[in-house]
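J.: Sequence and computational prediction follow.
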Amino acid sequence: MYFHSVTLDESKCKGCTNCIKRCPTEAIRVRAGKAKIIDERCIDCGECIKVCPYHAKKAITDSMDLITQYKFKVAIPAPTFYGQFSSNYSRDHILTALKLCGFDMIFEVAKAAQLVSQASRQMMKHGNLPKPVISSACPAIVRLIQVRFPNLIDNILKIESPMETAAKIVKENIAKKNNISTEDIGVFFISPCAAKVTSVKAPYERVKSYVDGVIAIKDIFLCVYNKLHSGIDVEKLSHSSFEGISWATVGGESSGVGTERVLSVDGIHNVIKIFEEIANDNLEGIDFIEALSCTGGCLGGPLNVNNPYIAKTNILSHIKAAKEKQFISKDFEEDYGDLKWETNVEYKPVMKLDQNRMKAIEKMETMEKIIVQLPGLDCGACGAPSCRALAEDIVREQANITDCIIKMKERVSDLAEQMVELERVFKPSKKVE
């Protein structure tokens, strides 16, 4: 069973259809007044979490209690984490407060992002990669390519994410320095998004993630906030440069790949439009695409606390401070080996109507006939995001054509006319005296 971080609480769902209109992969239906998530279609982008007015969609993340299961506890915060707090606090101040929430060590994902940027430049320069190269940093985008744009799989930059790189560095170096088993080291990513949770629980580029748990920024925010306001002895914990911190903003990754022919696009629906342009051979002169599922990049992730625009202002202040004083880490070596993926991603077909090829073809033909009968309004009132999606559901025997309001009205109108005709035929004639 495929793991999904994004889940539905049916008790809170009111069947409003907001989610089906925003889902980029048509993974949601509303049936009998309740939303349903189609597992094989969901990419855990979190769009439904953002638009649900009843908070019926939520992301499953790990509890802080999980850290107690490890002898040595390490927090690896995303660069986005800094933006959740006032720019009056330095990164050292924020990271110290985070450490005091129960961790033995802090290692910045922003530091690992620098290494990934270095490796990306080398791969872009010597890798002979198909253009445009598409960033693999956002797991929701990689999943999107798997289910909707399989022809772009070869274009994905197959390099470790900063999160995995940070976790790998921590585990291997701490185990060596402290003479402790890697199994006793718990590495916890402080995350702005649900897709990262899924990429840890069900990684697509490796057999097993180096990360042991994912804690939502919103779940640890209050603890850090309280520590910041309690008067603490600030430790020197920040070692990343402005290049790594910049990954929190749109354009941060692409600025470090070594080419000016880049395109940075944020928002899953904007990304889809760009991918469609590539599929139609309408995009030329671009070497690298930084594609981010959330509007505003990771700062717009559903597990954040702060307004993304305010968070961006805070991040820019940290970038400025880092530019003024370059931070050099002496804890671990700068060059950290080969960061290429262990495995490759595969196409995940979601439109397979039947395991039998001939039956699938027959169902496809039936589906096309049904589509012609439908109004083509894509209003969503039927509980499916489009008329085509409804036709697919009908063929799969998961819906009826009368779920369409217009077809229902036509059916009711026909029945009414038949009732009138029956009444006329069987109405007893008046007795003639």
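T.: Arrived safely.

J.: ok, and the helix or strand in this structure with the lowest average confidence?
T.: Across the helices and strands of the chain, the lowest-confidence element by mean pLDDT, DSSP states H and E is helix 405-426, at a mean of 87.

J.: Can you get me a residue count around the residue nearest to A389 when sequence neighbours are not counted?
T.: Distance criterion Cβ to Cβ, 6 or more residues apart in numbering; nearest residue to A389, sequence neighbours excluded, is E26 at 5.2 Å. Every C-beta, even on glycine, is put in place using the N, C-alpha and C of the backbone. Other residues lying near E26 total 18 when counted by other Cβ atoms under 10 Å.

J.: Please give me every residue in contact with E26.
T.: Each residue near E26 by Cβ atoms under 8 Å, 6 or more residues apart in numbering is listed here: I20, I38, R41, A384, P385, S386, A389.

J.: Pretty sure the fifth one sits in a strand.
T.: No: residue state for P385 (DSSP: H, G, I helix; E, B strand; the rest coil) corresponds to coil; a strand is not indicated.

J.: thinking it is in contact with D378, fair?
T.: Yes: with contact defined as Cβ atoms under 8 Å, P385 and D378 form a contacting pair (7.2 Å).

J.: all helices in the stretch 251-400 of the chain, in order from the N-terminus.
T.: Assignment of helices within the stretch 251-400 of the chain using DSSP state H, counting those that start in this stretch yields the ranges 268-279, 308-324, 357-373, 387-395.

J.: Just give the closest residue to A360, not the sequence neighbours.
T.: Of all residues apart from its sequence neighbours, D354 sits closest to A360 (Cβ to Cβ, 6+ apart), at 4.1 Å.

J.: cool, and A384?
T.: For A384, the closest residue by Cβ to Cβ, 6+ apart turns out to be L390, at 4.1 Å.

J.: circling back: closest to K427 out of the helices of the stretch 251-400 of the chain?
T.: The minimum distance between K427 and these falls on helix 357-373, with 33.8 Å, by Cβ to Cβ.

J.: model confidence over that closest one, on average?
T.: For helix 357-373, mean pLDDT is 93.

J.: CA atoms only for that helix, dumped as CSV, please.
T.: Extracted in CSV, the C-alpha atoms of helix 357-373 (Å, rounded to 0.1, in the frame of the first residue of the first chain):
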residue,chain,number,x,y,z
ARG,A,357,-5.6,-4.7,-22.9
MET,A,358,-8.6,-5.5,-25.2
LYS,A,359,-11.0,-4.7,-22.4
ALA,A,360,-9.2,-1.5,-21.6
ILE,A,361,-9.5,-0.5,-25.2
GLU,A,362,-13.2,-1.3,-25.2
LYS,A,363,-13.7,0.7,-22.0
MET,A,364,-11.8,3.6,-23.5
GLU,A,365,-14.2,3.6,-26.5
THR,A,366,-17.1,3.5,-24.2
MET,A,367,-15.7,6.4,-22.2
GLU,A,368,-15.3,8.5,-25.3
LYS,A,369,-19.0,7.9,-26.2
ILE,A,370,-20.0,8.9,-22.7
ILE,A,371,-17.9,12.1,-22.9
VAL,A,372,-19.9,13.1,-26.1
GLN,A,373,-23.1,12.8,-24.1
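
J.: Quick one: neighbours of Y204, just the number.
T.: 17.

J.: which residues touch it?
T.: With contacts taken as Cβ under 8 Å, 6+ apart, Y204 has the following neighbours: P139, V142, R143, Q146, T343, V345.

J.: Which one among those sits at the bottom for pLDDT?
T.: Sorting the contacts of Y204 by pLDDT puts T343 at the bottom of the list (82).

J.: any chance you could read off phi and psi for it?
T.: Listed backbone geometry of T343 is phi -130, psi 180, with angles given as degrees, to the nearest 10.

J.: That one contacts E160, doesn't it?
T.: No: using Cβ under 8 Å, T343 and E160 do not qualify as a contacting pair, with a distance of 12.0 Å.

J.: Now list whatever residues contact both of those two.
T.: By Cβ under 8 Å, 6+ apart, T343 and E160 have these common neighbours: E205.

J.: higher neighbour count, the two?
T.: For T343 versus E160, neighbours defined as other Cβ under 10 Å are more numerous around E160 (25 against 11).

J.: on that earlier part again, is the residue nearest to A360 in contact with K363, as I believe?
T.: Yes: distance between D354 and K363: 5.8 Å, which falls inside the contact criterion (Cβ under 8 Å).

J.: got the contact list for I319?
T.: The neighbourhood of I319, defined by Cβ under 8 Å, 6+ apart, consists of F242, I245, S246, T249.

J.: out of these, who's nearest K218?
T.: K218 has its nearest neighbour among those in T249, at 19.8 Å by Cβ to Cβ.

J.: Done for today, thanks.
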